[in-house]
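S.K.: Build me a model from this:
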Amino acid sequence: MVTADNLNLDVLELIFAFIPGNDLVAVSSVSKSFLAGVIPCLYAKVSFTAKHVKRYRPEGGGIMSPFLTLRNHPDLAVHVRQIDIHCAPFIAAGQVHPKFLSETADALKVCKNLTSFVCGPRILPALLGSLQGKERLQDLHIYAALTTTQGEMLQKITTLRSLTLDYPTWNIVDSLTRWAQPLQRTLSHLTIFMSQEVNDILLEALLPLLPRLRGLHLIGCPKAPHTVVIKAATTHTPSLKEFSFTIFENTPPPSLFCLPTITLPSLQHLAIDVRPTSDATAMTMSSLLVSLTSLSTLVLKFADRQLPIWNSVIDLIAPPSAVTVPLKRLALMDCAVPIDMVGKLSSKCKDLEMLELPLPIKEIQAFTAAISSLKELHTLTDVGDAHASHGPRATLARNDVRYMMRACVNLRTIVSDGRMWTGRPDCFIGITVTPQRYKANATQHWFSTSKEYSYLS
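M.R.: Numbering: from 1, shown residues only. This next block holds a predicted model:
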């Protein structure tokens, strides 16, 4: 007779992979066989976030870091595939706790099967030595304020598939062309966030060295305006599937006879950081979007939360001549989206599955009527800022959530005000909605692709 206790461990691991982390801890206490099956799932991803920082007390009276556990039990480190460090504990102003750095460095050394490493705080110099020799490391996301010597250590990591550099210093940017040579066979995703050094000369030298590049994100790089980035990308990386860039205030006004266009036939994910608020920018946006008819994801972030999004931009997101467009995910951030514009989008973008925009809480019924035609919509995210207006901001109530899920037949997840509402069918009241706390990943950039829509092969 087959019971849960005598199932093969591989089968148990497959089952436990569908169970969330908090429940895995409870499952591990059921039996020894369950504990053995749970451990690989529990330690596959190790995170250290703000809530851990608040309770971190290595001297006692708080919690110890998961890295101390890995250092003391190297047999568990074999299961670690991903490490995410969102925050670091400080012992004094500007001084990271030395025990935390020591524990983390020692833990990294024994994590031989590490495939992904994310380090948001400025602690990477203390960990660089421990990252050496990680032959399976594919994804690296770091705060790249490093010296020349530290940059040389970083260049020894040559197995990367995805590289994200936040706030890179000049010497790291300068070394990219040298680093790209050993990475040209593997690197498919490059992100540079907030750099004063990236310019047209660097892009013309770097991009030809990365023929396998399928994702390019250059955000907040003022010396690389959108015209320069688009020209370099279309010339040297025509097979891009993901593309992000910034339109700056100081970009020369476009000529009516030479408006920039994006000619990337494989492009499926586009994110644009729009800094100017003038009507000339609307013309630029229109020229960028007019040739894109096969996008699956479009993310637009603006600079003024009170500024209504331009009609011309909405018309090109939902072309009047098209009955439907293949757009699956649409995000409109830091702008005002009138309800009539929402209705126009809904009438054209009928395949939308994920929608992210500021929710008009006080007009929720009119808003719901505007999106009710989206039969495929399953996730709605409120990207409105609670601190954008004076006085308390209205919040989404349980009855509002139930009303929206009843009107939108497939809508089952709504994220708003730090809560994630999930709905499930109920034979008595139609829909049962349940809230739980929700906090977005602090190290994931707004322009990055969601896990559901990852286009990198």
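
S.K.: going forward, measure contacts between C-alpha atoms and count neighbours the same way
M.R.: Fine.

S.K.: Quick check: phi and psi on residue 188?
M.R.: When read as degrees, to the nearest 10, the backbone of residue 188 gives phi -120, psi -10.

S.K.: Next one: it from residue 22, what distance?
M.R.: Per C-alpha to C-alpha, to the nearest Å, residue 188 is found 33 Å from residue 22.

S.K.: So which of these two has more stuff around it?
M.R.: residue 188 (21 against 9; other C-alpha atoms under 10 Å).

S.K.: Just the buried positions in stretch 356-371, please.
M.R.: 356-361, 364, 367-368, 370-371 (16 or more other C-alpha atoms under 10 Å).

S.K.: partner residues bridging residue 216?
M.R.: In this entry, residue 216 is beta-bridged to residue 190, residue 243, by DSSP bridges.

S.K.: how much space between it and residue 232?
M.R.: From residue 216 to residue 232 the distance is 11 Å (C-alpha to C-alpha).

S.K.: Same question for residue 269.
M.R.: Residue 269 is 18 Å from residue 232, by C-alpha to C-alpha.

S.K.: Have a look at these two and say which one is more surrounded.
M.R.: Taking other C-alpha under 10 Å, residue 269 and residue 232 do not tie; residue 269 has more neighbours (25 against 20).

S.K.: which ones are touching the more buried one?
M.R.: By C-alpha atoms under 8 Å, 6 or more residues apart in numbering, the residues touching residue 269 are 241-243, 295-298, 449, 455.

S.K.: Scan the residues you listed and report the most crowded one.
M.R.: If you rank those by neighbour count (other C-alpha under 10 Å), residue 242 sits at the top with 27 neighbours.

S.K.: Test my guess that it contacts residue 264.
M.R.: No - applying C-alpha atoms under 8 Å, one finds residue 242 not in contact with residue 264, separated by 9.8 Å.

S.K.: Quick one: low-confidence residue ranges for the stretch 151-300 of the chain.
M.R.: 250-260, 293 (pLDDT under 70).

S.K.: OK, contacts around residue 240?
M.R.: 213-216, 233, 264, 266-267.

S.K.: Now with 7 Å, please.
M.R.: Taking C-alpha atoms under 7 Å, 6 or more residues apart in numbering, we find residue 240 in contact with 213-215, 264, 266-267.

S.K.: Likewise for residue 347?
M.R.: residue 373.

S.K.: how near is it to residue 370?
M.R.: For residue 347, the distance to residue 370 - C-alpha to C-alpha - is 9 Å.

S.K.: Same check on residue 175?
M.R.: Counting by C-alpha to C-alpha - residue 175 and residue 370 are separated by 50 Å.

S.K.: Now do residue 200 against residue 207, distance only.
M.R.: From residue 200 to residue 207 the distance is 11 Å (C-alpha to C-alpha).

S.K.: what about those two, which has more around it?
M.R.: residue 207 (20 against 17).

S.K.: Next up, the contacts around the more buried one.
M.R.: So, once contact is read as C-alpha under 7 Å, 6+ apart, residue 207 ends up touching 236-237.

S.K.: Pretty sure it sits in a helix.
M.R.: Yes - under DSSP: H, G, I helix; E, B strand; the rest coil, residue 207 sits within a helix.

S.K.: how close does it sit to residue 436?
M.R.: 43 Å.

S.K.: can you check residue 397 too?
M.R.: In terms of C-alpha to C-alpha, residue 397 sits 13 Å off from residue 436.

S.K.: Can you pull the phi and psi angles for the closest residue to residue 167 other than its chain neighbours?
M.R.: Once flanking residues are discounted, residue 167 sits nearest to residue 194: 5.1 Å by C-alpha to C-alpha, 6 or more residues apart in numbering. Note on residue 194: its backbone torsions stand at phi 60, psi 80 [degrees, to the nearest 10].

S.K.: Sticking with the residue nearest to residue 311 when sequence neighbours are not counted, tell me its helix or strand.
M.R.: Excluding the flanking residues, the one nearest residue 311 by C-alpha to C-alpha, 6+ apart is residue 341, at 7.9 Å. Using DSSP states H and E, residue 341 sits within helix 339-348.

S.K.: So which bits of that helix are buried?
M.R.: Quick answer for helix 339-348 (16+ other C-alpha under 10 Å): 339, 341-348.

S.K.: Okay, helices next: where are they in the stretch 151-300 of the chain?
M.R.: Under the criterion DSSP state H, counting those that start in this stretch, helices of the stretch 151-300 of the chain are mapped to 170-174, 176-183, 200-206, 226-236, 279-289.

S.K.: how about the strands of the stretch 351-457 of the chain, start to end?
M.R.: Secondary structure of the stretch 351-457 of the chain (DSSP state E, counting those that start in this stretch): strands at 354-357, 379-382, 413-416, 419-426, 430-437.

S.K.: Averaged pLDDT, the first one. What do you get?
M.R.: The average pLDDT for strand 354-357 rounds to 96.

S.K.: Can you tell me which helices and strands that strand packs against?
M.R.: Under the contact definition 3 or more C-alpha pairs under 7 Å, 6 or more residues apart in numbering; DSSP states H and E, strand 354-357 sits against strand 329-333, strand 379-382.

S.K.: Go ahead and produce PDB holding the CA coordinates of stretch 8-15.
M.R.: What follows is stretch 8-15, C-alpha atoms only, in PDB (Å, rounded to 0.1, in the frame of the first residue of the first chain):
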ATOM      1  CA  ASN A   8       9.900   8.500  -3.400                       C
ATOM      2  CA  LEU A   9      11.600  11.700  -2.300                       C
ATOM      3  CA  ASP A  10      11.700  13.000  -5.800                       C
ATOM      4  CA  VAL A  11       7.900  12.800  -5.900                       C
ATOM      5  CA  LEU A  12       7.600  14.600  -2.500                       C
ATOM      6  CA  GLU A  13       9.800  17.400  -3.800                       C
ATOM      7  CA  LEU A  14       7.600  17.900  -6.800                       C
ATOM      8  CA  ILE A  15       4.500  18.100  -4.600                       C
END
